[in-house]
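Enquirer: no FASTA, just this:
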DNA sequence: GCCTCGCATGTAAGCGCTTGCATGACGCGA
DNA sequence: TCGCGTCATGCAAGCGCTTACATGCGAGGC
């Protein structure tokens, strides 16, 4: 930087201003500096800048997993938008484990993340205290809860699942089952199950009659859960799955058991992963606004970091995709 | 830090040593310091540390996309392993565009990435010069080419595709087609097509007879390419796809056209995405060692950064998964 | 018993930027 | 013409660590 200053015949202060606030330096001076920067191939030292300016232009994100495309797609949009705002993404994953998530949060804060994107509201309050202490703005994604004490961007998991369940009930189904991800430490999952129950209650069905199997997200686990549900008597005529992986597993298992979908049993998913369109039959599911969520999150978080504002939570709409895996309830009980 | 030093009755230098090289301080001193750190909730300032130590313990990765799980799964393993090595992941994506990739490389280097993970060898030599100039070690993944001037960790795309093609040829197919991703700027894609041709040549077939359609990776695009191929006369009896998304699209299109798979046409993929097992019929494909690749990459890159060594390239084996979408060639030409 | 060496710790000089404040030039109104 | 405000720029004090070198101590060898 000193070299650049010398070559341009100015002080390092002016070079710094030229880089960070070009408007504050005379056009001709700026040109000279820019030429010097180019000639010398100068690029500011990140550590020094972080130290002096007390910011890193870096945003941390901690997601449960990248192993399937559930979060990856939203993250892709988030990262791309972040770059457009001049920010860089620091990424960590928690494997759905609160203890690992906590460790990652601490790491990212120690690494100087200016802001954090987290999935879901539920975590140890002490963590939020920690973040407040370090003045790190937090944005919660994949959920929408205007009542929460922190801004969020996402969709209403409960309402979305309630809408999907209504569509199922519209088709005459009475004996419903749900294959859910683990609800412990996971408000999204819990809200989805609550949505199923709410829809049942709204139609005068007993929510307690809902058959629920909890299992980690995955195709295999979904298939196992399906096997278990199909062994029950009476057998459910519609299986509402907490995500598409579970739904795909259920579909595969149904086929393996010789059950027709939707003739004998209807199956729905949640997420609209690319695989749900190519399934046979295509999986009815809830489409999540991944891209908009990621893009919006990037804009909100950048704003929070730069202006110190606390934006309002943003609700994004989901879409119920009624595909062939959802059909009318079978006429005669199995 | 000064507070910690004062409370523990030592100098800041000792605190620093206690944090960075615990073995170099007396056990009882260390205990006092650690207690002080705990009591005060001290955590070192990242920028200051980066500035003074000239390293960030941060690794950058630039991948083409996170929109499907092709790279996401490997990245998941990479990130997890990185954390175990005390490193943090800076992530960027390029959308398969060399210009964006270059910009991201420059950004990550400016952000102080100690090392970089890149996908594929092919890029502007000036970029490699830039990286050498900045002394940033680079590891290339998703390919294996021992002859390349840079270390890599991955698999031999050509050999893998050659093996898959051999399996196809074993089943009597003669009229082959390939749906490939764009081969420009993409050595993986190119190697895969080359693998198909090599297998043909090895059996005395004319590699030039291979029908090739290039299209961006995607289910829709795969379906369109399939439609185009199936309209040709004579019609290929086996379609070898450059990845599973293309394969799934081809499968869907075949079904839509009333073609039986594999009765009328065989289809193969590449990647073993989760969706290929649930397809109907299940998609024959090449299983890539995502997790091992990610884990190995993390270990190699950490070593390169810490010891300044240049490790040997690592080849990881792929597995040919012969699933039902691949069958014998139809007896009578279509 | 003296010297040497190794070890634990302290001292202090940066690391390369940003930014509050000071300076001086210039333009404008009185 | 003078004074004041405005603007572009310079000065220099950090930002909070790491680390080369200095120091002082105890142990071991002769």
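Expert: Thanks, I have the structure now. A quick note: this is a predicted structure, and the numbers were derived from the prediction, not measured. Residues are numbered from 1 along each chain as shown, chains lettered A, B, ... in the order given.

Enquirer: what's near enough to touch residue A:83?
Expert: By CB atoms under 8 Å, 6 or more residues apart in numbering or on different chains, the contact set of residue A:83 is B:92, B:104, B:107. Where C-beta positions appear, they are placed from N, C-alpha and C, glycine not excepted.

Enquirer: should've said residue A:7
Expert: A:36, A:39, A:40.

Enquirer: what ranges do the strands span in the stretch 1-150 of chain A?
Expert: Assigned by DSSP state E, counting those that start in this stretch, the strands in the stretch 1-150 of chain A fall at A:58-63, A:88-93, A:115-119, A:138-141.

Enquirer: With distance to residue A:155 and mean neighbour count as added columns, please give these in JSON lines.
Expert: Supplementary listing: the strands of the stretch 1-150 of chain A in JSON lines, determined by distance: least, CB to CB, whole Å; neighbours: other CB atoms under 10 Å in any protein chain shown:
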{"stretch": "strand A:58-63", "distance to residue A:155": "16", "mean neighbour count": "26"}
{"stretch": "strand A:88-93", "distance to residue A:155": "21", "mean neighbour count": "25"}
{"stretch": "strand A:115-119", "distance to residue A:155": "13", "mean neighbour count": "25"}
{"stretch": "strand A:138-141", "distance to residue A:155": "10", "mean neighbour count": "25"}
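
Enquirer: Tell me which of those strands lies nearest to residue B:137.
Expert: For these, distance to residue B:137 was read as CB to CB. The smallest value, 19.2 Å, belongs to strand A:88-93.

Enquirer: Counting neighbours, which of the contacts of residue A:7 end up buried?
Expert: A residue is treated as buried here by neighbour count (16 or more other CB atoms under 10 Å in any protein chain shown); on that basis the buried members of the contacts of residue A:7 are residue A:36.

Enquirer: ok, so of the contacts of residue A:7, who is nearest DNA strand C?
Expert: When the contacts of residue A:7 are ranked by distance to DNA strand C (CB to the nearest atom of the strand), residue A:40 comes first, at 10.4 Å.

Enquirer: Now do the helices in chain A.
Expert: Counting by DSSP state H, chain A has helices at residues A:2-8, A:12-20, A:27-40, A:46-53, A:69-84, A:98-110, A:125-133, A:157-170, A:187-202, A:219-230, A:244-256, A:275-278, A:290-307.

Enquirer: Output the strands of the stretch 1-150 of chain A as TSV; include the columns distance to chain B and mean pLDDT.
Expert: Formatted as TSV, the entries for those read as follows, by distance: least, CB to the nearest CB, whole Å; pLDDT from 0 to 100:
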stretch	distance to chain B	mean pLDDT
strand A:58-63	7	97
strand A:88-93	4	97
strand A:115-119	12	97
strand A:138-141	15	97
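
Enquirer: Please look at residue A:10 and residue A:34 and confirm they touch.
Expert: No. Look at residue A:10 against residue A:34 with CB atoms under 8 Å: they stay out of range, at 11.7 Å.

Enquirer: Tell me which of these two has more neighbours.
Expert: residue A:10 (20 against 16; other CB atoms under 10 Å in any protein chain shown).

Enquirer: ok, the more buried one - contacts?
Expert: Going by CB under 8 Å, 6+ apart, residue A:10 touches A:29, A:32, A:33.

Enquirer: And for the residue of the stretch 101-250 of chain A found nearest chain B, the neighbour number?
Expert: When distances are taken as CB to the nearest CB, the stretch 101-250 of chain A reaches nearest to chain B at residue A:112, 3.8 Å away. With neighbours defined by other CB under 10 Å, the count for residue A:112 comes to 26.
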